[in-house]
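In: Sequence and computational prediction follow.
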Amino acid sequence: MRRVYAAGVGMTKIDRHYDKGFQELVHIAVKNLVDDVKMFSPEAIVVGNMMSSSLYQQDSLAALVADAAGLRGRGGFKVEAACGSGGHAVAAGYALIASGLYDQVLVVGVEKMSDYPTATTTSALAQAADFEHEAIYGVSFAALNALVMRLYMHRYEARREDLALWPVRMHEYGSQNPYAQLRNRITVEDVLKSAVIADPIRLMDSSPIGDGAAAVLLVSEDVARKVSDTPIQIVGVGMGSDGLDLTSREDLLNPMSVRIAAEKAYKMAGVEPMHIDVAEIHDAFTITALLSIEGLGFAKLGESWRFIKDGRFASGDKPSINLSGGLKARGHPVGATGVYQVAEIVMQLRGDFPGVKVGKAEYGLAMNTGGVATLTSVIILKR
């Protein structure tokens, strides 16, 4: 396979963009990407998106992106893996370059979530779970994660106030990220007193509803230096899955999809968890962060909450995790999130991320999952 590089990135601030549609968001993200590269001539388009069909009755997103980006005529397709669509779109774009089919591929993640009432959006998000056996009975996505969180607290004797430390940290980082949706600092007390969404998950444990678009230009080694002075190589790609319904899983607290995707990506990159300097992981809920950290091998099962309490994974540690503010504070426009993560890691490795910086780093990791750790991608990049 050929080597693949991320040559340029662009994104929008995540927010409730009531005044912007899909095309406007894509146009802004791609415009920012064009400003980031010396040459922009993608031959194909890959789009990460989850809910354009269910909420907006809009398919053909590759054509929509082509029009918004001034690329009419380029072929492409949409990738759907629930909340993990963005990361899987990057994996698909990687494959198009690595195979030799194309030399430049534009990967875009875009999602509009805020135009509908919360109940409508929540119902659409529930399609990430087993609709026939779970969602049809009124079990929301938050409720499924709440079951996992309660089990985690019981099995590992984690106190509610200990778990509240994660969203507090995410808001601290998000307050310094100009692209973040939530830029306010919070306290443990704020988390514990926030509204109950699905006990024990509270509002401040949950990522917000928002809109956004992010773009990454992937290129072959032959053209990398023509496009960018600081191309970042993608050295590892892994994907994994777990049972769609939670009841059939071997262990709700040992995320198979994360573990398998990580093992594949680490092996391909020739690294181990200890080599990762900076990571952007999926933390749609506080419990998602804990499972992600453990599934990636940064902590043993049941230990991530203790590590966080001790100050691990913060800025200056290795790995530093979610310096963007994560899904919790940066925001989670679901199908676009994985592309945001890769773009953020690229900027961290280049040293030009506009928020909290990791400092000198060689390896970065982006981990994006759909459902309750049902479909996961792990992308490892190297400076």
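Out: Cool, the structure landed.
In: Next secondary structure element downstream of the helix or strand L192 falls within?
Out: Applying DSSP states H and E as the criterion places L192 in helix 188-193. The first helix or strand that comes after helix 188-193 along the chain, using DSSP H and E, is strand 196-198.
In: Who are the packing partners of that following strand?
Out: When contacts are defined as 3 or more CB pairs under 8 Å, 6 or more residues apart in numbering; DSSP states H and E, strand 196-198 packs onto helix 141-156. For every residue, glycine as well, the C-beta is placed using N, CA and C.
In: Using CSV, write down the CA coordinates of the helix it packs on.
Out: Output of helix 141-156 as CSV, limited to C-alpha atoms (Å, rounded to 0.1, in the frame of the first residue of the first chain):
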residue,chain,number,x,y,z
PHE,A,141,-29.4,6.3,23.6
ALA,A,142,-28.7,8.1,26.9
ALA,A,143,-30.6,5.4,28.8
LEU,A,144,-28.4,2.7,27.3
ASN,A,145,-25.3,4.5,28.3
ALA,A,146,-26.8,5.1,31.8
LEU,A,147,-27.1,1.3,32.2
VAL,A,148,-23.5,0.9,31.4
MET,A,149,-22.4,3.7,33.7
ARG,A,150,-24.3,2.3,36.6
LEU,A,151,-22.8,-1.1,36.1
TYR,A,152,-19.3,0.6,35.9
MET,A,153,-19.8,2.4,39.2
HIS,A,154,-21.1,-0.7,40.9
ARG,A,155,-18.3,-3.1,39.6
TYR,A,156,-15.4,-0.7,40.2
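In: quick one: average confidence on the helix or strand following that helix?
Out: Counting by DSSP H and E, the next helix or strand C-terminal to helix 141-156 is helix 160-163. Averaging pLDDT along helix 160-163 gives 97.
In: And the contacts of helix 160-163?
Out: Here helix 160-163 makes contact (CB atoms under 8 Å, 6 or more residues apart in numbering) with 149, 153, 188, 192, 200, 205, 286-287, 290, 305-306, 308-309.
In: Give me the secondary structure label for V110.
Out: Of the three states, V110 takes strand according to DSSP: H, G, I helix; E, B strand; the rest coil.
In: residue contacts, the residue lying closest to it once chain neighbours are set aside?
Out: Of all residues not flanking V110 in the chain, A213 sits nearest, at 4.1 Å (CB to CB, 6 or more residues apart in numbering). Each residue near A213 by CB under 8 Å, 6+ apart is listed here: 11-12, 22, 25-26, 28-29, 108-111, 333, 336.
In: Equivalent analysis for L101, please.
Out: A44.
In: Same check on R312?
Out: Counting by CB under 8 Å, 6+ apart, R312 makes contact with A299.
In: Now do the SS call for it.
Out: Secondary structure, three-state DSSP: R312 is coil.
In: I'd like to check the angle between the helix-or-strand element of the chain with minimal mean pLDDT and helix 141-156, please.
Out: The helix or strand of the chain with the poorest confidence is helix 118-125; it has a mean of 89 (mean pLDDT, DSSP states H and E). Angle, helix 118-125 to helix 141-156, by axes from the mean of the first three to the mean of the last three CA atoms, to 10 degrees: 70 degrees.
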